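Undergrad: Next input, structure requested:
(one chain, ligands or ions: 1)
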Amino acid sequence: MSDTPKKGWFQRLSAGLSRSSKQMTDQVVSTFVKEPLSEEALERLEEHLIESDLGPAASARIVERFRALRFGKTSDEREVKEALAEAVAAELTPRQATFDPLSGPKPYVVLFVGVNGSGKTTTLGKIASDLTGKGAKVMIVAGDTFRAAAREQLKVWADRAGAHFESRRDGADAAGLAFDAYAKAKAEGFDVVLIDTAGRLQNKSTLMDELLKIVRVLKKVDADAPHETLLVLDATVGRNALEQEKIFGRTAYVSGVVMTKLDGTARGGVLVPVAQASDAPIKLIGVGEGVEDLQPFDARAFSRSLVGLED
Ligand SMILES: Nc1nc2c(ncn2[C@@H]2O[C@H](COP(=O)(O)OP(=O)(O)OP(=O)(O)O)[C@@H](O)[C@H]2O)c(=O)[nH]1
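TA: A predicted model of the protein is given here:
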């Protein structure tokens, strides 16, 4: 992730966000390039921003910034895009934070939560590959003990990354597995422990009970564990991501949000209301299926890519 050369990294981000940037700028830019800034144009801008899923509150603030700019007839495409990027970045910059499991206590325990299909397993696998690539000793724990397919998929990622893999079968107690795996990781000098969790029935209390139980037993080993709880949200579900954030954010003590599949949607702007609704900052984003497509969240770079500007 963070070791990827900056240029390639930005290009991947822009390629991933191309559908969103087209949606964001096509109408917005043409509105302002063709005519001077008017109340009517500002109203249309607000509509376009809301259609791009930026949410009503942020859209209204962005429009206010545009009103203050007082574009004349001469405003060109670049000027409009720069202003839009700056306005989006102003919304997102306070909501970014870094994910750095190698600078904390060892073993650094990261819990992954989110509904099935959100990209949890893939995100965990990409992080594992990045960390082993940096020479870290990594353990992956398959906390979804009910689904053989989930376990197998995770095992493939563990093998690919060269990470140690811990699992149990057929609905074994996930908290028991997490406790034993963490104790082993501690005894054997692992740097990082990545724990996948079940994501079914996100609205049912049993799932939250199971998550809380995992957290409780990890704290028996170290009161500060898990050191990070990443909530993985799929951008393609649009504003449903806000609902998921609410459900998990309420109970799971989320410390960071990962938004995946930003390449699979024209509505990448949804990151803005999610970032603002969440107590936890955005730490990583997924813009494709490859290992290099999981990137640290950089509000400025994201905002520039979202409107189709270069770095
Ligand atoms: N295009 C794209 N696809 C992604 C991204 N992240 C994950 N995926 C794909 O999304 C699908 C679901 O990802 P998983 O990692 O299996 O999701 P999960 O949350 O673990 O779901 P379960 O395996 O059902 O528990 C897979 O086909 C991934 O390859 C991304 O950033 N971009």
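
Undergrad: doesn't residue 285 make contact with residue 259?
TA: Yes - with the criterion set as C-beta atoms under 8 Å, residue 259 and residue 285 qualify as a contacting pair; they are 5.2 Å apart. All C-beta atoms are positioned from the backbone trio N, CA, C, and that covers glycine.

Undergrad: overlap in contacts of these two?
TA: Common contacts of residue 259 and residue 285 (C-beta atoms under 8 Å, 6 or more residues apart in numbering): 271, 297.

Undergrad: Following element in sequence after the lowest-mean-pLDDT helix or strand in the chain, please.
TA: Taking mean pLDDT, DSSP states H and E as the measure, helix 18-34 is the helix or strand of the chain with the lowest mean score, a mean of 77. Heading C-terminal from helix 18-34, the first helix or strand you meet, by DSSP states H and E, is helix 39-51.

Undergrad: neighbouring contacts of that next one?
TA: Under the criterion C-beta under 8 Å, 6+ apart, external residues in contact with helix 39-51 comprise 23-24, 27-28, 31-32, 35, 56, 58-60, 62-63, 66-67, 269.

Undergrad: please redo it, this time with the cut-off set to 10 Å
TA: 23-29, 31-32, 34-35, 37-38, 54-56, 58-64, 66-67, 71, 80, 84, 87-88, 266-267, 269, 272 (C-beta atoms under 10 Å, 6 or more residues apart in numbering).

Undergrad: Using ChimeraX, define a selection of the buried residues within these.
TA: To isolate the buried subset of those in ChimeraX, counting by 16 or more other C-beta atoms under 10 Å, use the following:
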select :23,24,25,27,28,29,31,32,37,54,55,58,59,62,63,66,71,80,84,87,88,266,267,269,272
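
Undergrad: residue contacts, the closest residue to the ligand within the chain?
TA: Using C-beta to the nearest ligand atom, the point where the chain gets nearest to the ligand is residue 286, with a distance of 2.6 Å. If a contact means C-beta under 10 Å, 6+ apart, then residue 286 has 16, 118-119, 122-123, 126, 232-235, 258-264, 293-295 as its contacts.
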